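> how does the following fold in three dimensions:
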Amino acid sequence: MVDLELLKEQNPWWVAKEKIENDVNLEKLSGVNYIWQPRILDAFNMEKDVIYTLRGIRQIGKTTTIKLLIKRLLNKKQSENICYFTCNNIDTYHELIDILTVYLDWIDNDKRKYIFIDEITFVKNWTRAIKHLTDIGKLRNCALILTGSNAHDLKYEIERMPGRRGEDAELDKILFPLSFREYVKFVNPDIPRKFYDIESSRKNYPFYKKELNKYLDNFLLTGGFIQAVNNFAVDSKISVDIYQQYLSWVLGDLAKLGKREVYSRQIFEQIIKSITTNIGFDTIAKKTSIDSHITVGDYLDVMESNFIVKILYQIDPNRGIFAPRKTKKVYFQDIFLFWVFLGYVFGLSVYFSGSKNRLNDISLKSKLIENLVMTHLMKLENSINWSNIVFLFRTTNQMEVDFVLKRRDDELLPIEVKYQNKAGLKDFLNLNKINKHRGIIISKGDFLIQKDKWIIPVDAFLLINQFGLI
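Got it, this is the predicted structure:
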């Protein structure tokens, strides 16, 4: 049986609420330039009997997010009713049952309990513990948040608990890296307020264009990983240790899932070489030592589930469905990961200076801009209006539209990235094949609004908080 004293060590606020300030994750925030309060903090309804999951790539800040949420709860809830436990040092679901039973038996009040279980995927068959406690009524009047570094396992294991998780519009939460808007809010808090919608953006863009261009270049180097952003803020560069840490974590997770490093490296190489262009799984197999396109697909599925890459499928505009057998595009889910794996694949000894120099290559930069737009659109995937987004559309004459967003009412919105010196209405030619009335061209600097057709600079597009058209 688990000793209650071990639980008390992980929940020092049971002794005194102010001890949350000494938490190791929150203490780290005092030594950085920018403290990230992710918007997902407001996405949990802890006053219902629900079991949430919180997923995201390694070291994105899931544990810190939980501790920030606990800190909020301590301001208005009884401290003993808030329980945190990390599964780093347990192996079996029996142990997890014991731990939660000890806590729930110890609590002698009928008030709501708030339970946070971190790194639950370290526990083999962990769903059996949660299902058992739910079925015998132990988790009545409780709200749970479960996190796991193995996002792939967390996603698929939780599907084994139908009908036991309570009701909420979105029980599975994803913590994404910082958006460009969040980044600019750190470095120049006044700017985001001036880019709320399309009209305010068009009005203010000429006055902030130079600054935004600089911020965009910086963000193309740091991506949305807060460690990289804060490291860059100190002396305008990123330590090689940051790149290597993320590389080690990703490769370690893939290895735990039974993926061979040599195959992973070869696939990352093909993703980098084909970034923004169409490629088939069979083509990747032929260009590597992997013997089957099925194996390639399996590796990419795991990489996508662990928030490393994003696979875009072609869409049939007449039926509004995607075509899984046709060639795809594969992007990185954050720009920083592009640099991490570029250095890994090609053996760069100096990551940051090599990355910065490569930004002078306008061809590569335009590809990174397209990848950045994709990551921005990807975060809309669970929004109110959009059910499926960022499909690739390819016409019969090999011309294509970069992204297609599908509304819940089945309307399609085409988006094309034209990061070049001049963009105009003629660039809507392909977009009109998807939607004659609505579309967006992402430009380098041109800004033109004609009813529901927009030409908008990429930095302004990434800043807009209220799209209207989208």
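
> now do the contacts for residue 264.
Contact analysis of residue 264 by Cβ atoms under 8 Å, 6 or more residues apart in numbering lists 251, 254, 299, 303. C-beta: built from backbone N, CA, C; applies to glycine.

> give me the secondary structure label for the residue sitting nearest the centre point of the chain.
For the chain, the residue nearest the mean C-alpha position is residue 176 (2.7 Å; Cα atoms, centre = their mean). Under DSSP: H, G, I helix; E, B strand; the rest coil, the three-state class of residue 176 is coil.

> for the residue nearest to it when sequence neighbours are not counted, give me phi and psi.
With Cβ to Cβ, 6 or more residues apart in numbering as the criterion, residue 176 has its nearest non-adjacent residue at 5.4 Å, and that residue is residue 379. Phi and psi for residue 379, reported as degrees, to the nearest 10, are phi -70, psi -10.

> quick one on the thing from earlier: so which of the contacts of residue 264 belong to helices?
Counting by DSSP state H, these place 251, 254, 299, 303 in helices.

> rewinding a little: can you tell me how far the residue nearest to residue 176 is from residue 177?
Using Cβ to Cβ, to the nearest Å, residue 379 is found at 9 Å from residue 177.

> which of these two has more residues huddled nearby?
The neighbour comparison of residue 379 against residue 177 (other Cβ atoms under 10 Å) goes to residue 177, with 27 against 15.

> in this structure the more buried one contacts residue 225, no?
Yes. Contact criterion Cβ atoms under 8 Å: residue 177 and residue 225 qualify, at 5.5 Å.

> shared neighbours of those two, anything?
60, 334, 336.

> ranking these by neighbours, who comes first?
residue 334 (27 neighbours).

> and residue 311, that one's in a helix?
No. Counting by three-state DSSP, residue 311 is not found in a helix; it is strand.

> dig out what it forms beta bridges with.
Assessed by DSSP bridges, residue 311 has beta-bridge partners residue 330.

> residue contacts, it?
Here residue 311 is in contact with 300, 304, 328, 329, 330 (criterion: Cβ under 8 Å, 6+ apart).

> looking at these, which is nearest residue 155?
Distance to residue 155 across the contacts of residue 311 (Cβ to Cβ) is lowest for residue 304, with 10.3 Å.

> tell me, how many neighbours does that closest one end up with?
Burial measure for residue 304: 16 neighbouring residues, criterion other Cβ under 10 Å.

> same check on residue 74?
17.

> same deal with residue 140?
11.

> the shared contacts of residue 177 and residue 225 in helices, which ones?
Going by DSSP H, the helices hold residue 336 from these.

> can you list the shared contacts of residue 177 and residue 225 in JSON lines and add pLDDT and distance to residue 358?
Output for the shared contacts of residue 177 and residue 225, formatted as JSON lines (pLDDT from 0 to 100; distance: Cβ to Cβ, whole Å):
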{"residue": "60", "pLDDT": "89", "distance to residue 358": "25"}
{"residue": "334", "pLDDT": "96", "distance to residue 358": "17"}
{"residue": "336", "pLDDT": "97", "distance to residue 358": "14"}
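
> any idea which helix or strand comes after the strand or helix carrying residue 203?
Assessed by DSSP states H and E, residue 203 sits inside helix 198-222. Moving toward the C-terminus from helix 198-222, the first helix or strand encountered (DSSP H and E) is helix 226-235.

> quick one: that next one to helix 198-222, angle?
90 degrees (axes from the mean of the first three to the mean of the last three Cα atoms, to 10 degrees).

> buried sites along helix 226-235?
By 16 or more other Cβ atoms under 10 Å, the buried positions in helix 226-235 come out as 226, 227, 228, 229, 230, 231, 232.

> name the helices or strands packed onto that helix?
helix 180-187, helix 198-222, helix 240-256 (3 or more Cβ pairs under 8 Å, 6 or more residues apart in numbering; DSSP states H and E).

> dump that helix to CSV, restricted to CA.
Only the C-alpha atoms of helix 226-235 are listed here, as CSV (Å, rounded to 0.1, in the frame of the first residue of the first chain):
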residue,chain,number,x,y,z
ILE,A,226,9.3,28.7,-25.1
GLN,A,227,12.7,27.4,-24.2
ALA,A,228,14.1,28.5,-27.5
VAL,A,229,12.2,31.8,-27.4
ASN,A,230,13.6,32.6,-23.9
ASN,A,231,17.1,31.4,-24.9
PHE,A,232,17.1,33.7,-27.9
ALA,A,233,15.9,36.6,-25.8
VAL,A,234,19.0,36.5,-23.7
ASP,A,235,21.7,37.1,-26.4
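
> and it, how far out from the chain's middle?
19 Å (Cα atoms, centre = their mean, to the nearest Å).

> next, format the shared contacts of residue 177 and residue 225 as JSON lines and append distance to residue 281.
Output for the shared contacts of residue 177 and residue 225, formatted as JSON lines (distance: Cβ to Cβ, whole Å):
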{"residue": "60", "distance to residue 281": "27"}
{"residue": "334", "distance to residue 281": "23"}
{"residue": "336", "distance to residue 281": "25"}
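
> so which of the shared contacts of residue 177 and residue 225 comes closest to residue 407?
Out of the shared contacts of residue 177 and residue 225, the member with the shortest distance to residue 407 (by Cβ to Cβ) is residue 334, at 25.9 Å.

> who's in contact with that closest one?
57, 177, 223, 224, 225, 375.

> give me the pLDDT value at residue 92.
With respect to pLDDT, residue 92 has a value of 93.

> tell me the contacts of the residue lying closest to it once chain neighbours are set aside?
Take residue 92 and drop its neighbours on the chain: the residue closest to it by Cβ to Cβ, 6+ apart is residue 124, 6.2 Å away. Residue 124 makes contacts with 91, 92, 93, as judged by Cβ under 8 Å, 6+ apart.

> relative to residue 89, how far out is residue 124?
For residue 124, the distance to residue 89 - Cβ to Cβ - is 14 Å.

> so the residue nearest to residue 44 when sequence neighbours are not counted, which state does it fall into?
Of all residues not flanking residue 44 in the chain, residue 52 sits nearest, at 6.0 Å (Cβ to Cβ, 6+ apart). Assigned with three-state DSSP, residue 52 falls in the strand class.

> wait, doesn't residue 300 sit right on residue 281?
Yes. Here residue 300 reaches residue 281: they are 7.2 Å apart, a contact under Cβ under 8 Å.

> so the residue of the chain most remote from its centre versus residue 80, what's the distance?
In the chain, the residue that sits farthest from the middle, by Cα atoms, centre = their mean, is residue 108; the gap is 39.1 Å. For residue 108, the distance to residue 80 equals 9 Å [Cβ to Cβ].

> likewise residue 419?
55 Å.

> which one of these two is surrounded by more residues?
Neighbours per residue, other Cβ under 10 Å: of residue 419 and residue 80, the larger number sits with residue 419, 20 against 17.

> pull up the gap between that one and residue 411, please.
From residue 419 to residue 411 the distance is 26 Å (Cβ to Cβ).
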